[in-house]
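Engineer: Sequence and predicted structure are below.
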Amino acid sequence: MPKLLIIDDMATDRMVLRSFLASRSYEIVEASDGEMGIAMAQSEMPNLVLLDIVMPKLDGFQVCRRIKRDPQTGHIPVILISSKGQDSDKFWGMKQGASDYLTKPCTQEGLLAAIDKVLPS
């Protein structure tokens, strides 16, 4: 069962993702801010990180960059999921090492398609 780390400061957004993905047989771990997310990526070694951008302490761009530059976690794919939908946000997110970028609210089908793209079957 693949393990997914959800990093989002909004409890409601984490709950929606958790309930949907857990019903699809993913193991879910969560972090409510960027610092906690980086620590959990290192300790939990998830198969995939689903990462919000607008968060206190460290934003998602900073978190993605740190996860991707760390030799221990650099192999973990990161999908950014954000309300920031400008082309420049998407460009910047991909420059930080993200595998994909989804705009909130994303559809369940779009989320599963993005996950299927980055996680081997």
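Structural biologist: Here it is on my side, so go on.
Engineer: and the residue positioned nearest the centre of the chain, bridged to which residues?
Structural biologist: The centroid of the chain falls nearest to residue 50 when counting by CA atoms, centre = their mean (1.6 Å). Judged by DSSP bridges, the bridge partners of residue 50 are residue 6, residue 79.
Engineer: Mind listing what's buried along the strand or helix carrying residue 101?
Structural biologist: Assigned by DSSP states H and E, residue 101 falls within strand 100-103. Buried residues in strand 100-103, counted by 16 or more other CB atoms under 10 Å: 100, 101, 102. In short, each C-beta sits where N, CA and C put it, glycine included.
Engineer: end to end, how far does stretch 99-119 reach?
Structural biologist: For stretch 99-119, the first-to-last residue distance is 10 Å (CA to CA, to the nearest Å).
Engineer: Average pLDDT for that stretch, rounded please.
Structural biologist: Mean pLDDT, stretch 99-119: 95.
Engineer: Residues touching that stretch, excluding its own?
Structural biologist: 2, 4, 13, 17, 20, 24, 47-48, 77-85, 89-90, 93-94 (CB atoms under 8 Å, 6 or more residues apart in numbering).
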